[in-house]
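A.B. asks: Got a predicted structure plus its sequence, pasted below:
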Amino acid sequence: MRGRERLKALARRSVRLRLGDVGGGDRVLNNWRSITAVLVLLFGWVPLGLSSETPVLVEIPSKALAPGDLLQVRLHSRSPIGRVECSFIEQKVRFYPLGDGSRWEALAGVDLESKPGLHSLTGTVWLSDGRSKPIRKSLRVVPKEFPTQRIRVRQKFVTLNPRDSERAAREHRELTEIWQSATDRRLWTDPFIRPVSSRLTSGFGRRRIVNGEPRSPHSGVDLKATTGTPIRAANSGRVLLAKDLFYAGQTIILDHGLGLYTVYAHCSKMHAKPGDHVEQGEIIGEVGATGRVTGPHLHWGCRVNGARVNPLDLTTLMAAPDAGP
Ligand SMILES: [Zn+2]
């Protein structure tokens with residue numbers, strides 16, 4: 001990159017770092033952060049006197065956020081970080097260290113039905129030397145229009161008999177418990193892969209009219225494939241559930257740790273069983289048409305700390321390899 005273009009890019013980056021920071025008292029500090037960030041990028045140094053007292057930098061490389069978006073949050077510190085507590089839209093955000101511990105990262109999600117507006121990511125960072133630093137970043141969630149989709153399925157999936165109704169409610173409770181749980185350790189390594197390589201038939205977030213009645217929005221993406229097509233684990237993790245569910249049919253849920261789950265629904269066959277550890281790319285099942293479907297496909301979903309987010313974000317957001325453990 002030529003010198004002038006490089007400077008322009010750095011200036012844009014500095015503006016990005018400032019965007020979203022709020023609070024009058026913080027403004028001077030935030031300007032310092034931006035200036036420091038530019039100086040670090042330009043010359044690889046930090047102004048004297050700032051090294052020990054510089055606040056922990058919060059970086060969110062995402063564009064403007066909308067419901068259903070996955071976001072990556074990065075912390076940069078001059079001193080190694082020992083522990084982080086953080087929350088965002090009523091979710092606990094779980095950070096993990098990279099490299100020497102001065103850089104930490106986390107995934108967070110804006111749920112598919114989150115209200116647009118200003119939301120705060122707030123928390124505390126404990127440095128290894130015992131000092132604590134508050135962190136705060138405001139993020140604007142912009143409204144997003146999702147297309148409406150009308151589908152026709154067997155009527156038993158729309159007008160439930162008492163037995164199916166009780167079953168669907170029980171399975172809903174079971175899934176809710178899963179989304180609220182988290183394994184302490186990160187089990188995935190970047191990047192994620194698509195579980196089947198095929199075209200998308202139904203996009204994420206579509207508002208659904210099923211047999212003429214409004215139903216929950218589409219919480220995943222549908223990947224078209226013929227029955228029997230192998231489904232591959234999008235990343236390494238532990239099989240948390242492999243079970244026939246009323247709506248989702250034969251469904252596999254992989255726990256990737258730190259509150260991140262991927263869901264594979266409507267399988268014709270499941271090759272993985274609960275408790276198994278799977279590697280990225282390992283065949284866990286086969287595409288099918290079980291549960292509430294219009295034809296064979298893989299419904300692929302993603303939850304992060306309970307939020308329903310677009311699983312395709314996993315394959316784009318974390319495309320670059322990291323230096324993590
Ligand atoms: Zn689907």
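C.D. replies: Yep, that arrived.
A.B. asks: Strands along the stretch 1-150 of the chain, start to end?
C.D. replies: 57-59, 70-76, 81-88, 91-92, 95-98, 103-109, 117-127, 132-141, 148-151 (DSSP state E, counting those that start in this stretch).
A.B. asks: Buried residues of stretch 203-212, list them for me.
C.D. replies: Within stretch 203-212, the residues that count as buried by 16 or more other CB atoms under 10 Å are 204-206, 208, 210. For every residue, glycine as well, the C-beta is placed using N, CA and C.
A.B. asks: circling back to that earlier point, any idea which of the strands of the stretch 1-150 of the chain is most buried?
C.D. replies: Mean neighbour count (mean count of other CB atoms under 10 Å) peaks for strand 103-109 among the strands of the stretch 1-150 of the chain, with a mean of 24.
A.B. asks: In the sheet, which strands lie alongside it, parallel or antiparallel?
C.D. replies: strand 70-76 (antiparallel), strand 95-98 (antiparallel) (DSSP bridges).
A.B. asks: quick check: mean pLDDT across whichever strand or helix holds residue 256?
C.D. replies: Using DSSP states H and E, residue 256 maps to strand 249-257. Averaged across strand 249-257, pLDDT comes to 98.
A.B. asks: What is the neighbour count of residue 313?
C.D. replies: As a burial measure, residue 313 scores 21 neighbours (other CB atoms under 10 Å).
A.B. asks: Would you agree it falls within a strand?
C.D. replies: No - if the criterion is DSSP: H, G, I helix; E, B strand; the rest coil, then residue 313 is helix and not within a strand.
A.B. asks: Tell me the confidence at it?
C.D. replies: 93.
A.B. asks: didn't it look like it was pressed against residue 65?
C.D. replies: No - the pair residue 313 / residue 65 is not scored as a contact, 11.0 Å apart, by CB atoms under 8 Å.
A.B. asks: so what does the helix or strand just after the strand holding residue 256 touch, helix or strand wise?
C.D. replies: Scanning forward in sequence from strand 249-257 by DSSP H and E, the next helix or strand is strand 260-267. Judged by 3 or more CB pairs under 8 Å, 6 or more residues apart in numbering; DSSP states H and E, strand 260-267 is in contact with strand 237-245, strand 249-257, strand 283-286, strand 297-304.
A.B. asks: Just grab the bridge partners of the nearest residue to residue 203 once chain neighbours are set aside for me.
C.D. replies: Of all residues not flanking residue 203 in the chain, residue 221 sits nearest, at 6.3 Å (CB to CB, 6 or more residues apart in numbering). Residues in a beta bridge with residue 221, per DSSP bridges, are residue 300.
A.B. asks: ok, residue 221 - contacts?
C.D. replies: 200, 202-204, 299-301, 310-312 (CB atoms under 8 Å, 6 or more residues apart in numbering).
A.B. asks: Keep only these that also lie close to the ion.
C.D. replies: The subset of those within reach of the ion, by CB under 5 Å from the ion, is residue 299.
A.B. asks: and the longest helix along the chain, how far from the chain's centre?
C.D. replies: When the chain is parsed with DSSP state H, its longest helix is helix 162-180. Its chain's average C-alpha position is 23 Å from that of helix 162-180, according to CA atoms, centre = their mean, to the nearest Å.
A.B. asks: Please apply the same query to stretch 203-219.
C.D. replies: On CA atoms, centre = their mean, the centre of stretch 203-219 falls 21 Å from the chain's centre.
A.B. asks: what's the first-to-last distance across it?
C.D. replies: Distance between the two ends of stretch 203-219: 9 Å, counting by CA to CA, to the nearest Å.
A.B. asks: Need the contact partners of stretch 134-147.
C.D. replies: 20-23, 26, 55-56, 58, 60, 64-68, 71, 73, 75, 84, 86, 88, 110, 114-125, 203, 205-207, 217.
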